[in-house]
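A.B. asks: Any chance you can model this:
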Amino acid sequence: MWQGAISENGYGKFSIRGKDIYAHRFSYETFKGPIQEGYVIDHMCLVKSCCNPEHLDVTIQAENVYRGINRQKLKTRCKHGHLFSEENTIRYNGEWRRCRTCEILRSRRRIGIFGVDTFDRLPNRRPSFCKKGHQLIDGNVYKTKDGRRRCLICIRLCNKRYKEKKKSKII
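C.D. replies: Prediction:
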């Protein structure tokens, strides 16, 4: 399981010389070989942040999507271990399903935290981590004039690299 930064879409990632690299692709190429153009990596374990090469398979995108849909249909339990029975399953559009127990627990948490029970009334949630994986907490956030939040650690590292580069050019 990848322990570093996680991308917006849930995959493990890291940077080398400013270029973002997905951990699962790097793992596959390191331990199993190159990935041909037009092919993607399929997580056989269904965990996007997994980078174990034994859980990865190279395939075309259409096959990856097909496998993902079928694997979801074959699941007998939700990610929290509740059984997908007729009484405990909420179905959407005849294809998608959700665990009724988990929905009830989520609803209770929303009521307890926000005092409301609908998703559309929830306040906008801001990301908790920057692109490099630093936590965005009160002491680590710089707010720009247009209201965006920037990571102070990243800003300081960028300024430090810039000063070192500038200094090396002078000497």
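A.B. asks: Going by C-alpha atoms from here, please, whenever you check contacts or count neighbours.
C.D. replies: Fine.
A.B. asks: How about the secondary structure of G68?
C.D. replies: The three-state label given to G68 by DSSP: H, G, I helix; E, B strand; the rest coil is helix.
A.B. asks: How about it, nearest residue that isn't a chain neighbour?
C.D. replies: Among residues not flanking G68 along the chain, L46 sits closest, at 7.8 Å (CA to CA, 6 or more residues apart in numbering).
A.B. asks: so what pLDDT did that neighbour get?
C.D. replies: On the pLDDT scale, L46 is placed at 77.
A.B. asks: Ramachandran angles for it?
C.D. replies: The phi/psi pair for L46 (degrees, to the nearest 10) reads phi 70, psi 20.
A.B. asks: The residue nearest to L56 when sequence neighbours are not counted and H24: what is the separation?
C.D. replies: Distances taken as CA to CA, 6+ apart place H43 nearest to L56, at 5.0 Å, with adjacent residues excluded. Applying CA to CA, to the nearest Å, the value for H43 to H24 is 9 Å.
A.B. asks: Find residues that contact each of those two.
C.D. replies: Listed as contacting both H43 and H24 by CA atoms under 8 Å, 6 or more residues apart in numbering are 50, 56.
A.B. asks: does N64 sit in a helix or strand, and which one?
C.D. replies: The secondary structure element spanning N64 is helix 61-74 (assigned by DSSP states H and E).
A.B. asks: all strands for the chain, in order.
C.D. replies: 13-16, 19-22, 39-43, 56-60, 89-92, 96-99, 141-143, 149-151 (DSSP state E).
A.B. asks: Determine which of those strands approaches Q72 most closely.
C.D. replies: Within the strands of the chain, the stretch nearest Q72 is strand 96-99; the backing value is 9.1 Å (CA to CA).
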